[in-house]
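Enquirer: Quick check, what structure comes out for this input:
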Amino acid sequence: MPSPAATDPVSPPANADHIPYRATLTSGLRWDVPASLVVFLVAVPLSLGIAAASGAPVMAGLIAAAVGGIVAGSLGGSPLQVSGPAAGLTVIVAGLIEQFGWPATCAITAAAGVLQALMGFARVGRVALAIAPVVVHAMLAGIGVIIVLQQTHVMLGSEAGESAWHNVKALPASVASLDHQAAVSGVLVIVMLLGWKYMPAAVRRIPAPLAAVVAATALSLPFRSDVDRITFDGSLLDAIALPRLPEGQWGAFAVGVITIALVASVESLLSAVAVDRMHHGERTDFNRELLGQGAANVTSGMLGGLPVTGVIVRSATNLEAGARTRKSAILHGVWVLVFSLLLAGVIELVPVAVLAGLLIIIGVRLVKVADFRTARVTGDLTVYAVTLLTVVFVNLLAGVLTGLALAIVLVLWRVVRAGIHAEPLGNPEDKRWRVVVDGSCSFLSLRRLSQVLAAVPSGSHVTVELAVDFLDHPVHDTLDAWRRRHVSNGGTVEIEESGTATLEDAKAGPPARGIFRPGQLPAR
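Expert: Below is the predicted model:
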């Protein structure tokens with residue numbers, strides 16, 4: 001089913017320059033405003049929790065959320081990605097605060113933003129496209145598992161542990177000490193989200209997450225007041241503070257800047273790649289995304305906020321809630337700012353368990369059975385499993401790096417073991433031959449491929465069976481050159497493809513399948 005962005009009736013046409021500015025400014029707000037409210041409700045508790053876990057002032061999380069939404073949402077290259085403080089940087093930020101203190105950590109954040117912007121100007125953002133799809137799928141699934149494990153404890157009325165393994169071990173204790181009101185609130189949200197598609201069309205105009213959060217919150221109000229709800233500590237304005245450079249330790253300071261810049265950039269670009277795979281609308285400009293993330297980190301650091309990255313949880317929520325344009329991300333930042341300043345009491349009415357139910361559904365939907373099946377068919381199940389488990393039980397960056405390394409090793413192994421052979425078929429008088437190429441075929445296999453093709457007699461009728469999961473440009477050119485020579489000598493060549501990679505993947509141009517005879521060569 002295509003995403004709303006793919007069928008947006010209000011997307012600007014080719015002559016958008018002639019459309020009045022008001023029409024462009026307000027287009028899509030019917031979907032973006034409700035979606036921004038849903039993302040805002042999810043972002044607030046996550047931002048507060050990440051700030052607390054990092055040892056930073058709690059309101060620094062809200063500063064980063066507002067800046068991430070407004071600055072990165074306006075300037076970034078991923079229109080549907082939502083940025084803010086991320087759990088992936090929690091350990092790093094906590095270490096920097098312990099070593100340098102909070103004001104110097106803010107300076108590190110601002111300096112890291114400058115470095116990110118320079119990386120964007122250097123146009124290195126598209127490196128993200130080199131990441132194997134199976135690694136991205138496994139990363140999403142791992143994040144989904146982490147979310148479900150954490151938020152299940154919250155929905156049961158307990159506190160989530162610091163690690164996935166701790167959350168697994170503590171699950172029986174959380175069930176035994178069940179808080180019934182919290183559990184009912186969370187389960188109500190889950191039931192509404194799962195059953196919303198069965199509601200009348202007029203009702204479905206309201207985004208399911210927004211309706212579920214509002215309904216569960218309203219039902220919780222008449223009951224006892226000691227249920228855990230979102231809480232604030234101090235004023236947002238009080239938390240704004242200028243950064244301060246450290247006194248000495250400049251080498252460690254530089255390492256901190258580089259670490260924050262690289263981890264934040266990798267997480268943002270991976271999130272942008274994942275978001276692109278979740279919808280069919282406008283693709284990400286990765287260099288612009290680095291510029292937007294850099295500007296957001298400079299701003300957040302200068303105001304006393306946490307580092308900002310693209311966050312897959314909020315981005316997935318944004319898509320699930322029906323966002324169509326970048327206005328949703330920007331507005332979510334505006335709501336964080338406005339409500340934190342003026343209407344914090346309204347936010348504090350929402351039970352934490354209600355948001356836990358919402359996050360559980362988001363986490364479950366990040367684990368896609370189709371991705372698991374694809375990995376099994378393509379032979380990448382080991383990469384998928386190792387990446388997922390490392391993301392869950394170690395951390396996001398370690399999981400991605402491990403998955404990439406394993407994917408590279410697997411490709412090299414397949415190349416080494418690529419099966420290439422030729423054999424005659426039927427009677428020798430028929431001059432029928434079959435050439436089989438199995439596995440991954442790259443330039444490393446050219447010597448073997450050329451030897452096998454040279455052994456095929458001239459003038460014979462050849463069927464080339466390509467059962468490959470990888471085929472590069474040099475192999476395409478070698479096959480094409482041999483086919484042309486063979487056909488010009490009176491033979492025929494039929495190419496049959498049964499793998500996941502095709503000749504068209506290696507190079508667009510000649511048909512990847514068909515019988516080629518003298519005088520009937522494909523046009524190039």
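
Enquirer: Only C-alpha atoms from now on, for both contacts and neighbour counts.
Expert: Fine.

Enquirer: For the residue nearest to residue 88 when sequence neighbours are not counted, the count of nearby residues, please.
Expert: Closest residue in space to residue 88, ignoring its immediate chain neighbours: residue 396 at 6.5 Å, by Cα to Cα, 6 or more residues apart in numbering. The local packing count at residue 396 equals 23, with neighbours defined by other Cα atoms under 10 Å.

Enquirer: Quick check: residue 396 touching residue 138?
Expert: No: with contacts counted by Cα atoms under 8 Å, residue 396 stays clear of residue 138, the gap being 10.5 Å.

Enquirer: hmm, back to that, which residues are in contact with the residue nearest to residue 88?
Expert: Residue 396 is in contact with 88, 139, 143, 390, counting by Cα atoms under 8 Å, 6 or more residues apart in numbering.

Enquirer: distance of it from residue 139?
Expert: Separation of residue 396 from residue 139 (Cα to Cα, to the nearest Å) stands at 7 Å.

Enquirer: need the strands for the chain, in chain order.
Expert: With DSSP state E, the ranges of strands along the chain come out as 83-84, 309-310, 419-425, 432-441, 461-471, 492-497, 514-516.

Enquirer: Could you list the paired strands of the fourth one along with their orientation?
Expert: According to DSSP bridges, the neighbouring strands of strand 432-441, each with its direction, are strand 419-425 (antiparallel), strand 461-471 (parallel).

Enquirer: check contacts around the closest residue to residue 107 other than its chain neighbours.
Expert: Closest residue to residue 107 apart from its sequence neighbours, by Cα to Cα, 6+ apart: residue 243 at 4.9 Å. Contact criterion Cα under 8 Å, 6+ apart gives 103-107, 301-304 as the residues in contact with residue 243.

Enquirer: hang on, the earlier thing: which one among the contacts of residue 396 gets closest to residue 450?
Expert: Proximity of the contacts of residue 396 to residue 450 was ranked by Cα to Cα; the top entry is residue 139 with 39.0 Å.

Enquirer: okay, and for the stretch 101-250 of the chain, where does confidence drop off?
Expert: Judged against pLDDT under 70, the low-scoring parts of the stretch 101-250 of the chain cover residues 128-131, 224-225, 232-235.

Enquirer: By mean pLDDT, flag the weakest helix or strand of the chain.
Expert: strand 514-516 (a mean of 36; mean pLDDT, DSSP states H and E).

Enquirer: distance of residue 325 from residue 313?
Expert: Summarising the geometry, the distance separating residue 325 from residue 313, computed by Cα to Cα, is 17 Å.

Enquirer: How about residue 273?
Expert: Shown here: residue 273 relative to residue 313, a distance of 14 Å by Cα to Cα.

Enquirer: who has more neighbours, these two?
Expert: Taking neighbours as other Cα under 10 Å, residue 273 and residue 313 compare with residue 313 leading, 25 against 22.

Enquirer: Run through the residues that contact the nearest residue to the more buried one once chain neighbours are set aside.
Expert: With sequence-adjacent residues excluded and distances taken as Cα to Cα, 6+ apart, residue 313 is closest to residue 362, at 7.5 Å. If you count contacts by Cα under 8 Å, 6+ apart, residue 362 has them with 144, 313, 316-317.

Enquirer: What is the most widely separated pair among the residues you listed?
Expert: When the contacts of residue 362 are compared pair by pair using Cα to Cα, the two farthest from each other are 144 and 317, 12.2 Å apart.

Enquirer: Quick one: residues contacting the closest residue to residue 498 other than its chain neighbours.
Expert: Excluding its sequence neighbours, the residue lying closest to residue 498 (Cα to Cα, 6+ apart) is residue 467, at 5.0 Å. Residue 467 is in contact with 436-439, 497-500, counting by Cα under 8 Å, 6+ apart.

Enquirer: and with 6 Å instead?
Expert: Residue 467 sits next to 438, 498-499 when contact means Cα atoms under 6 Å, 6 or more residues apart in numbering.

Enquirer: and if you look at residue 40?
Expert: When the contact criterion is Cα under 6 Å, 6+ apart, the partners of residue 40 are residue 332.

Enquirer: Check the gap between it and residue 326 for me.
Expert: On the measure of Cα to Cα, residue 40 and residue 326 end up 14 Å apart.

Enquirer: from the chain's centre, how far out does stretch 426-433 sit?
Expert: 53 Å (Cα atoms, centre = their mean, to the nearest Å).

Enquirer: who touches it?
Expert: Applying Cα under 6 Å, 6+ apart, the set of residues contacting stretch 426-433 is 423-425, 460-462.

Enquirer: where does this protein have low pLDDT?
Expert: Per-residue confidence for the chain (pLDDT under 70) gives these ranges: 1-27, 128-131, 224-225, 232-235, 416-417, 505-524.

Enquirer: Would you tell me which helix is longest in it?
Expert: Across the chain, the helix with the greatest residue count (assigned by DSSP state H) is helix 250-277.

Enquirer: so what secondary structure elements neighbour it?
Expert: helix 102-121, strand 309-310 (3 or more Cα pairs under 6 Å, 6 or more residues apart in numbering; DSSP states H and E).

Enquirer: Run the angle between it and helix 102-121 for me.
Expert: Orientation note: helix 250-277 sits at an angle of 60 degrees relative to helix 102-121 (axes from the mean of the first three to the mean of the last three Cα atoms, to 10 degrees).

Enquirer: for helix 250-277, which positions count as buried?
Expert: Neighbour counts using 16 or more other Cα atoms under 10 Å place 253, 256-276 of helix 250-277 among the buried residues.

Enquirer: same question, stretch 40-55
Expert: By neighbour count with 16+ other Cα under 10 Å, stretch 40-55 contains the buried residues 40-48, 50-55.

Enquirer: sorry, back to before: filter the contacts of residue 362 down to just the ones in helices.
Expert: Among these, the members that lie in helices (by DSSP H) are 144, 313, 316-317.

Enquirer: wait, which of the residues you listed is closest to residue 384?
Expert: Distance from residue 384 was checked for each of these by Cα to Cα. The minimum falls on residue 144, at 13.9 Å.

Enquirer: show me what contacts the closest residue to that closest one other than its chain neighbours?
Expert: Leaving aside its chain neighbours, residue 144 sits nearest to residue 363 (3.8 Å; criterion: Cα to Cα, 6+ apart). Residue 363 makes contacts with 144, 147-148, as judged by Cα under 6 Å, 6+ apart.

Enquirer: can you check residue 236 too?
Expert: Residues in contact with residue 236 (Cα under 6 Å, 6+ apart) are residue 59.

Enquirer: so how far is residue 487 from it?
Expert: Residue 236 is 75 Å from residue 487, by Cα to Cα.

Enquirer: same thing with residue 298?
Expert: Counting by Cα to Cα, the gap between residue 298 and residue 487 amounts to 62 Å.

Enquirer: who's more crowded, those two?
Expert: Neighbours per residue (other Cα under 10 Å) separate residue 298 from residue 487, with residue 298 holding more: 27 against 23.

Enquirer: wait, the more buried one sits on residue 115?
Expert: No: using Cα atoms under 6 Å, residue 298 and residue 115 do not qualify as a contacting pair, with a distance of 9.6 Å.

Enquirer: How about the residue nearest in space to the middle of the chain, nearest residue that isn't a chain neighbour?
Expert: When the chain is reduced to its mean C-alpha position, the closest residue under Cα atoms, centre = their mean turns out to be residue 274, at 2.6 Å. Here the nearest residue to residue 274 in space, its sequence neighbours aside, is residue 136; by Cα to Cα, 6+ apart that works out to 6.4 Å.

Enquirer: how close does that neighbour sit to residue 355?
Expert: Counting by Cα to Cα, the gap from residue 136 to residue 355 is 26 Å.
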